[in-house]
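Structure of the sequence below:
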Amino acid sequence: RGLAGVIATQRLAKLAKNVAAEASNFLMGRTFLDIDMLRAADLLGMDRRTAEMFRDLKRGSFVALGPALSRRPLRVTIGSVETSARSMSPKLMPLPEAPQDVADLIFTPDPEEFTRPVVRRTAPQPRPASDILAELSRPRPEPAAPVEAKPAQPEISAEEREALIGSLFAEIVANPEAAFRPDAELYQDFLVRCRIRRVPGPALSLSAFRRKMAVARSGIDAETAASEDWASALGLADRVTEDLQAVFLMLAQAALRGLPCPSDAMIARAYGTHSARRARRLLGYFEEQGLVVVHADFSGKRIVAFPDLGKETAPGDANAPDTGDSARAAAE
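Residues are numbered from 1 along each chain as shown. Next up, the predicted model:
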């Protein structure tokens, strides 16, 4: 369209390379910072030892390079401005000289003032004292009984509220893509579901949401969740960070229920990744913290033992594919 952009900056070193790469012609003026001088020398293809020359440039002097200017770095001097903008900037003008004294203009009456009719408002008639005393002697009306505000939401018990919140977590975990979404996005989805289902009470905090989401991703059943061993497992989960609690609790529930050890793909899914190598590193981290002991049976299948719980998982194939059993179990 015959248009071109002009990029002007006083800090050449802070100009993004993606922006500088779009420029074809360069005019490097006087600068003093060493990092700006080195950046200017690199853009012009000059030796870094000659970068000091940018500090000695006079006003209006530049080093030019580009197809419209010069094929090699060339020092040029910009002349005086010969053109002007169409819209001139406003300038302050002196006040117009008054033909006479300003005081005379203010205090000298206008001839029309003498012919203009004077309109005077009549003062209101004062109220009789008897009317005022009669108004004060009247009994005050009794205040209306306050109308009891009806609760906007039906009252439910704490158990019913927890069951309703648990169903919302089950719906989120049942979505195959939920495992790979960030917690902040899932938290917003949870809040929207709470408003749709009209869950009473204050909303869960982000930290409480992450803890309940970790429990939901573990695939624990209701019977095991009511046991004392699971309460101990929740206490052990506090020794790891929030992003690792889902993986730890999934392994713990498999040990408490005697299920096969989850595969690398299932552990990676609980962590929100597709990397099986990262899943193996998580098991190594748990073992370094003294939370689990990883060993194998005679057939080479993996077993994860929990010394603090006195439980261990059944042998499981570490290379087995992710069948999504934990997500379906949580949804049920």
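
ok, now how distant is Glu171 from Ala208?
18 Å (C-beta to C-beta, to the nearest Å). Any C-beta I mention is one placed from the backbone N, CA and C, and that applies to glycine too.

Equivalent analysis for Val81, please.
65 Å.

Those two - which one has more neighbours?
Shown here are Val81 and Ala208; by other C-beta atoms under 10 Å, Ala208 has more neighbours (10 against 6).

ok, and the more buried one, which helix or strand is that part of?
helix 206-218 (DSSP states H and E).

how about that helix: buried residues?
209-218 (16 or more other C-beta atoms under 10 Å).

helices and strands around that helix, which ones?
For helix 206-218, the elements it packs on are helix 158-174, helix 183-197, helix 245-257, helix 325-331, judged by 3 or more C-beta pairs under 8 Å, 6 or more residues apart in numbering; DSSP states H and E.

go with 6 Å
Contact here means 3 or more C-beta pairs under 6 Å, 6 or more residues apart in numbering; DSSP states H and E; on that basis helix 206-218 packs against helix 158-174, helix 183-197, helix 245-257.

Would you pull up how far the first one lies from the middle of the chain?
Helix 158-174 has its C-alpha centroid displaced from the chain centroid by 26 Å (C-alpha atoms, centre = their mean, to the nearest Å).

relative to helix 245-257, how tilted is that helix?
110 degrees (axes from the mean of the first three to the mean of the last three C-alpha atoms, to 10 degrees).

when you give positions from now on, start the count at 34
Right, with 34 as the first residue, what we last looked at is helix 191-207.

For helix 191-207, name the packing helices and strands.
helix 239-251, helix 358-364.

Convert the C-alpha atoms of it to CSV, please.
This file holds the C-alpha atoms of helix 191-207, laid out as CSV (Å, rounded to 0.1, in the frame of the first residue of the first chain):
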residue,chain,number,x,y,z
ALA,A,191,-23.2,-30.0,55.6
GLU,A,192,-23.3,-33.6,54.4
GLU,A,193,-25.5,-32.8,51.5
ARG,A,194,-23.3,-29.8,50.6
GLU,A,195,-20.2,-32.1,50.6
ALA,A,196,-22.0,-34.7,48.5
LEU,A,197,-23.0,-32.0,46.0
ILE,A,198,-19.4,-30.6,45.8
GLY,A,199,-18.1,-34.2,45.4
SER,A,200,-20.4,-34.7,42.5
LEU,A,201,-19.0,-31.6,40.8
PHE,A,202,-15.5,-32.9,41.3
ALA,A,203,-16.5,-36.2,39.8
GLU,A,204,-17.9,-34.5,36.7
ILE,A,205,-14.7,-32.5,36.2
VAL,A,206,-12.5,-35.6,36.7
ALA,A,207,-14.6,-37.6,34.3
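
What residues sit buried inside it?
Using 16+ other C-beta under 10 Å as the test for burial, helix 191-207 gives 198-199, 201-206.

any idea of the mean pLDDT for that helix?
Regarding helix 191-207, the rounded mean pLDDT is 83.

ok, now the last one?
Confidence for helix 278-290, expressed as mean pLDDT, is 88.

Between its first and last residues, how far does stretch 262-282 reach?
From its first residue to its last, stretch 262-282 covers 12 Å (C-alpha to C-alpha, to the nearest Å).

before we move on, the earlier item: quick one: which of the helices and strands packed on helix 239-251 is nearest Arg171?
Nearest of the helices and strands packed on helix 239-251 to Arg171, taken as C-beta to C-beta: helix 216-230 at 50.2 Å.

roughly how far out does that closest one sit from the chain middle?
Distance, stretch centre to chain centre, for helix 216-230: 16 Å (C-alpha atoms, centre = their mean).

how about it: buried residues?
Neighbour counts over helix 216-230 (16+ other C-beta under 10 Å) mark 216, 219-220, 222-223, 226-227 as buried.

any chance of the helices and strands packed on helix 239-251 in a markdown table, plus distance to Gly305?
Output for these, formatted as a markdown table (distance: least, C-beta to C-beta, whole Å):
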| stretch | distance to Gly305 |
| --- | --- |
| helix 191-207 | 12 |
| helix 216-230 | 9 |
| helix 278-290 | 8 |
